[in-house]
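>>> pasting the structure only:
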C-alpha cells in the first residue's frame with residue numbers, strides 16, 4: 001500500500017510540476033465542450049425578479065433599490081423591527 005501511495009504522489013508531483021497549460025486548448029476540453037454544446041437545453045433558472053417588481057424595493061437617497069432591512073423583510077422569513085421605547 002505504501003508503495004502504491006508513493007507512486008501516486010510521485011505521479012501527481014510530476015504532473016503538477018510541469019509547465020502551466022491552457023486547459024481550453026486541450027483535446028479533452030474540446031471533446032467535452034463539443035458534447036455539452038450539442039445538448040439542447042434552455043436555462044430557465046432565475047433567482048431574482050426584475051427590480052421593478054421585486055418585493056422589498058424601496059426608495060432611497062440614491063433612487064429605487066434594496067436596503068438590508070427591505071431585503072430581509074421581504075425574504076423567506078420576515079421580521080418586525082421592535083422599537084426600543
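Cool, got the structure. It should be emphasised that the depicted structure is a prediction, and the values quoted were computed from it without experimental measurement. Numbering: from 1, shown residues only.

>>> the helices in the chain, which residues?
With helices called from DSSP state H, the chain shows them at 2-16, 27-38, 68-73.

>>> Check which residues of the last one are buried.
Using 16 or more other Cβ atoms under 10 Å as the burial criterion, the residues of helix 68-73 that qualify are 70, 73. The way it works is simple: take the backbone N, C-alpha and C, and place the C-beta from them, glycine included.

>>> what is the rounded mean pLDDT of it?
Helix 68-73 carries an average pLDDT of 78.

>>> next one: the first one
Taken as a whole, helix 2-16 has a mean pLDDT of 68.

>>> thinking again about what came up before, which of the helices of the chain sits most buried?
Mean neighbours per residue, mean count of other Cβ atoms under 10 Å, is largest over the helices of the chain for helix 68-73, with a mean of 14.

>>> helices or strands next to that one in the packing?
Using 3 or more Cβ pairs under 8 Å, 6 or more residues apart in numbering; DSSP states H and E as the contact test, no helix or strand touches helix 68-73.

>>> quick one on the thing from earlier: turn the helices of the chain into JSON lines, including distance to residue 44.
As requested, the helices of the chain are arranged in JSON lines below (distance: least, Cβ to Cβ, whole Å):
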{"stretch": "helix 2-16", "distance to residue 44": "39"}
{"stretch": "helix 27-38", "distance to residue 44": "18"}
{"stretch": "helix 68-73", "distance to residue 44": "24"}
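
>>> wait, which of the ones you listed is closest to residue 50?
Among these, helix 68-73 comes nearest to residue 50, with 15.6 Å by Cβ to Cβ.

>>> closest to residue 45 out of the helices of the chain?
Closest to residue 45 of those, according to Cβ to Cβ: helix 27-38, at 16.4 Å.

>>> got the contact list for the closest one?
Here helix 27-38 makes contact (Cβ atoms under 8 Å, 6 or more residues apart in numbering) with residue 23.
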